[in-house]
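Q: Sequence first, predicted model second:
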Protein chains: 2
Amino acid sequence: MREEDKPEIRKLLLFRTMSPENFERLMQAAYAHSFPAQLELIRQGEPADFLHIVMEGTVELFSGWRDRETAMAVVRPVSTFILAACIKDAPYLMSARTVEKSRIIMIPSKDLRATFRLDPEFAVSTITELANCYRSVVRHAKGLKLRTSRERVAAYIYRQSSIAGNAVSFVLPMEKRLLASLLGMTPENFSRAIKSLQSDGVAMDGMRIIITNMKLLEAVAGPDALIDGPDTNAGHFGSGLTGP
Amino acid sequence: MREEDKPEIRKLLLFRTMSPENFERLMQAAYAHSFPAQLELIRQGEPADFLHIVMEGTVELFSGWRDRETAMAVVRPVSTFILAACIKDAPYLMSARTVEKSRIIMIPSKDLRATFRLDPEFAVSTITELANCYRSVVRHAKGLKLRTSRERVAAYIYRQSSIAGNAVSFVLPMEKRLLASLLGMTPENFSRAIKSLQSDGVAMDGMRIIITNMKLLEAVAGPDALIDGPDTNAGHFGSGLTGP
DNA sequence: CGAACCCTTGACAGAAATCAACTAAGGTGG
DNA sequence: CCACCTTAGTTGATTTCTGTCAAGGGTTCG
């Protein structure tokens, strides 16, 4: 792996507080590799041999059953994924594929497990990271069970706007079909949901969403910190999503 | 709290490996209390001041949004719940209420956080516990997104049978309305789902489920270790669910 | 330029929620 | 002990939501 990746990784909450020696050791065991788009990195059910870190690009976590498939999460730099399986030394519950060309770092999970036994600081960081992951999936499940697909779309738009500093317009950060799957619906249904939200303050132009009436949208979305996540990013500029 | 509770708690994976001194200290900070049925122990959104442990009885974790409500999990002795919120010192994402009269132990979350910083063994146990919780919610979400309600019911029945040692009959461990909510459907829909499964090897007599054709049921359920959980209990006798 | 592929739209079918009515069981209070 | 009330569960009728199938427009990429 590149030397210049290390500071980036070190910035992650998971690796920020561990001892320099342990960090170095972990990095020395790591591999880095670039993958083209649409390449399957991980197949669900296989043993979890590596913790993955996205350095560049985008990765989709998804799951399948019979002939169905659904997106569970979209991971962007710089973040880790499938930490829990590595810790448990258990099969991956989700598959992963690149959405676009991506650079990925892989840390052998046995080194990971050894490290949080040696380094109490790393153990605490791992606890925090896992607690975050857990709460994130709980929110996902709550959204699925408590909201209709139309409400999920509205809430998603409202949240993206909020992340972009209450922008009245932003560009969808992924393909619509992927977003639809993430939100638990078909692409057709997503398309119709957006259309039906025209009467509630949402317009769309290609990949750009324009909020024509924030109050109306908010009324449909019913934003809730316990589902959509806290407004930690409000006031910041989101990753190029602000505009126009 | 009762002195005789301690060995039970100590048996939990979360507390099994920590040092005796730290365990004692944690227990001394703990409260124990009995609650009647249908009492709200925790309200979502409130600060997570206590880790809870069910010693006796049954607890339902649920969430609400607007006027809707859904069950997220059912917790039985001896287990902890809402660990992640305590660790993060963040608001509970879920509410909790007793399903029946229950005895609950509460450990102040600040003592918990202090302890896993002091005791590396406890930190490792916490990591494992959280990873389990995470994977459990991921499975839940997968079931919701990949299966229809009828398939979820079939899979639930198949799994319960499997836990009870492939019993052809067992008694539902909770009210049908609660089970329906847990499986992400209305009671009416649950009732109809069971009825429609008659043609696929499932019969019902009150709270008792009788599997009349395991092969047919299995074909509908499509059991999957990555959704329903590993068959760790296969071959054991489940908690009184075996029959007839 | 053609071949994919994404997105949208329409028509339809199926799934699930809602509303309403009814039964049965359990608990309460006279 | 019984009448009464409450509640869980079931069933039917209906509406709403969502997925499926099919077709067409637009874009990208080889």
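A: Perfect, thanks for sending it.

Q: Can you read off the pLDDT for A:Pro230?
A: A:Pro230 carries a pLDDT value of 86.

Q: Would you mind identifying the next helix or strand past the longest helix seen in chain A?
A: In chain A, assigned by DSSP state H, the helix with the most residues is helix A:120-146. Counting by DSSP states H and E, the next helix or strand C-terminal to helix A:120-146 is helix A:149-163.

Q: Just checking that following helix against DNA strand D, any contact.
A: Yes. Contact of helix A:149-163 with DNA strand D (Cβ under 7 Å from any atom of the strand) involves A:Ser149, A:Arg150. Quick note: C-beta positions are derived from backbone N, CA and C, even for glycine.

Q: and that helix, what other elements does it pack with?
A: In terms of contacts (3 or more Cβ pairs under 8 Å, 6 or more residues apart in numbering or on different chains; DSSP states H and E), helix A:149-163 is packed against helix A:120-146, helix A:187-196, strand A:208-211, helix A:214-221, helix A:225-228.

Q: List the buried residues of the second one.
A: Residues of helix A:187-196 classed as buried by neighbour count (16 or more other Cβ atoms under 10 Å in any protein chain shown): A:Phe190, A:Ala193, A:Ile194.

Q: what's the answer for stretch A:9-25, then?
A: Result for stretch A:9-25 [16+ other Cβ under 10 Å]: buried residues A:Ile9, A:Arg10, A:Leu14, A:Phe15, A:Met18, A:Asn22, A:Phe23, A:Arg25.

Q: Any part of it near chain B?
A: No. Taking Cβ under 8 Å from any Cβ of the partner chain as the criterion, stretch A:9-25 and chain B are apart, separated by no less than 11.2 Å.

Q: what sits up against that stretch?
A: Stretch A:9-25 has contacts (Cβ atoms under 8 Å, 6 or more residues apart in numbering or on different chains) with A:6, A:26-27, A:53, A:55, A:78-80, A:83, A:105, A:111, A:115, A:118-119, A:121-122, A:124-126, A:128-129.

Q: which residues sit in contact with the nearest residue to A:Thr58 once chain neighbours are set aside?
A: Nearest non-adjacent residue to A:Thr58, counting by Cβ to Cβ, 6 or more residues apart in numbering or on different chains: A:Val99, 4.0 Å away. By Cβ under 8 Å, 6+ apart, the residues touching A:Val99 are A:Ala37, A:Gln38, A:Gly57, A:Thr58, A:Val59, A:Glu60, A:Val74, A:Met174, A:Glu175, A:Leu178.

Q: Please pick the buried ones from the contacts of stretch A:9-25.
A: For these, a burial check counting by 16+ other Cβ under 10 Å picks out A:6, A:26-27, A:53, A:55, A:78-80, A:83, A:105, A:111, A:115, A:119, A:121-122, A:124-126, A:128-129.

Q: Quick check: the residue nearest to A:Thr58 vs DNA strand D, distance?
A: Counting by Cβ to the nearest atom of the strand, to the nearest Å, the gap from A:Val99 to DNA strand D is 13 Å.

Q: Give me the helices and strands touching the strand or helix carrying A:Ala84, please.
A: Per DSSP H and E, A:Ala84 falls inside helix A:83-88. Judged by 3+ Cβ pairs under 8 Å, 6+ apart, the packing partners of helix A:83-88 are strand A:50-56, helix A:109-118, helix A:120-146, helix B:120-146.

Q: So which of the ones you listed is nearest DNA strand C?
A: helix A:120-146 (8.5 Å; Cβ to the nearest atom of the strand).

Q: gap between that closest one and the chain center?
A: 12 Å (Cα atoms, centre = their mean, to the nearest Å).

Q: Let me know the angle separating it from helix B:109-118.
A: 140 degrees (axes from the mean of the first three to the mean of the last three Cα atoms, to 10 degrees).
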